[in-house]
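S.K.: make a model of this:
(chains A and B)
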Amino acid sequence: MAIVIQLDVMMAKRKIGLMELAQKVNITPANLSILKNNKAKAIRFSTLEEICTALDCQPGDIIEFVKE
Amino acid sequence: MYKKSTVHFITKICVDVLFYVGIACCLLVPFSSNWLVRYFNFQGKTTTPMIIVLLLSGVASVYILYQLKTIFKTLLVGNPFIDANVTCLRKIAVSSFLISIIYIFKCLFSFTISTLVIIAIFIIASLFCLTLKDLFKQAINYKEENDLTV
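M.R.: Model (predicted):
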């Protein structure tokens, strides 16, 4: 996959768990797990905004483009 | 979210009743051949092929109803957009086409206008099911994309 989600790295840096982040971002842990495991096909700007707010980071810290 | 509808419930009951009546009719064909000969006014040579046509088209119809039952089961659960239903629709299309072929064969020894109508209806039904199958496939893709959008 060309777009890689680095959410787990950022979560580890901020020492925050999946359940806690899901609660802060206001989405289900199942959906957050889909995102974390690179299974998601798309991400809403609103979700991205809330994740960046909760983790105090930039979208580029979570999403990375890898050339295949 | 699936909203319970009386229409779905009534249609499911109709499909169920037709399915069991269809099975009973198919099973009774070998035993009711004398009655069938009198009722449909079959002539000597055409009796056996006509009974075979009725039996084969009956089996194909029961198969179609079975596939419809499967589709309705998923609809009533609230999850109709699955790959299994695409396969069901493909099977219904094939069965409908088979019935039209059986009746084309029937035209060779007993031609009637109503047989032509049956052939046309089942060919159209087959094409309609193939279109519906593609629609379902597209809907599954949309659903998957929606489910995997966080």
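
S.K.: ok, the spatially most central residue of chain B - contacts?
M.R.: For chain B, the residue nearest the mean C-alpha position is residue B:64 (2.9 Å; Cα atoms, centre = their mean). Contacts here follow Cβ atoms under 8 Å, 6 or more residues apart in numbering or on different chains; on that basis residue B:64 touches B:92, B:95-96. From N, CA and C alone the C-beta is placed, and that goes for glycine too.

S.K.: show me the helices in chain B, by range?
M.R.: Counting by DSSP state H, chain B has these helices, from start to end: B:6-28, B:33-40, B:47-77, B:83-109, B:113-147.

S.K.: next to chain B, which bits of chain A? Give me the list.
M.R.: Remark: the part of chain A in contact with chain B comprises A:27, A:31-32, A:34-35, A:39-44, A:47, using Cβ under 8 Å from any Cβ of the partner chain.

S.K.: write the ChimeraX selection for whichever of the residues you listed are buried.
M.R.: Buried members of the residues of chain A next to chain B, defined by 16 or more other Cβ atoms under 10 Å in any protein chain shown, are picked up in ChimeraX with:
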select /A:27,31,32,34,35,40,43,47
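
S.K.: mind checking which of the residues of chain A next to chain B land in strands?
M.R.: Residues of those located in strands (DSSP state E): none.

S.K.: what distance separates stretch A:11-21 from the centre of its chain?
M.R.: Relative to its parent chain, stretch A:11-21 has a centroid offset of 10 Å by Cα atoms, centre = their mean, to the nearest Å.

S.K.: ignore the last one, stretch B:135-150
M.R.: 27 Å.

S.K.: same question for stretch B:87-99.
M.R.: Offset of stretch B:87-99 from its chain centre (Cα atoms, centre = their mean): 7 Å.

S.K.: mind checking the longest helix of chain A?
M.R.: helix A:45-55.

S.K.: and it, C-alpha only, in PDB?
M.R.: Listed next in PDB are the C-alpha coordinates belonging to helix A:45-55 (Å, rounded to 0.1, in the frame of the first residue of the first chain):
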ATOM      1  CA  PHE A  45     -11.100  15.200   7.600                       C
ATOM      2  CA  SER A  46     -13.100  15.500  10.900                       C
ATOM      3  CA  THR A  47     -11.600  12.200  12.200                       C
ATOM      4  CA  LEU A  48      -8.100  13.300  11.200                       C
ATOM      5  CA  GLU A  49      -8.600  16.600  12.900                       C
ATOM      6  CA  GLU A  50      -9.700  15.000  16.100                       C
ATOM      7  CA  ILE A  51      -6.800  12.500  16.100                       C
ATOM      8  CA  CYS A  52      -4.300  15.300  15.500                       C
ATOM      9  CA  THR A  53      -5.900  17.300  18.400                       C
ATOM     10  CA  ALA A  54      -5.900  14.300  20.700                       C
ATOM     11  CA  LEU A  55      -2.300  13.300  19.900                       C
END
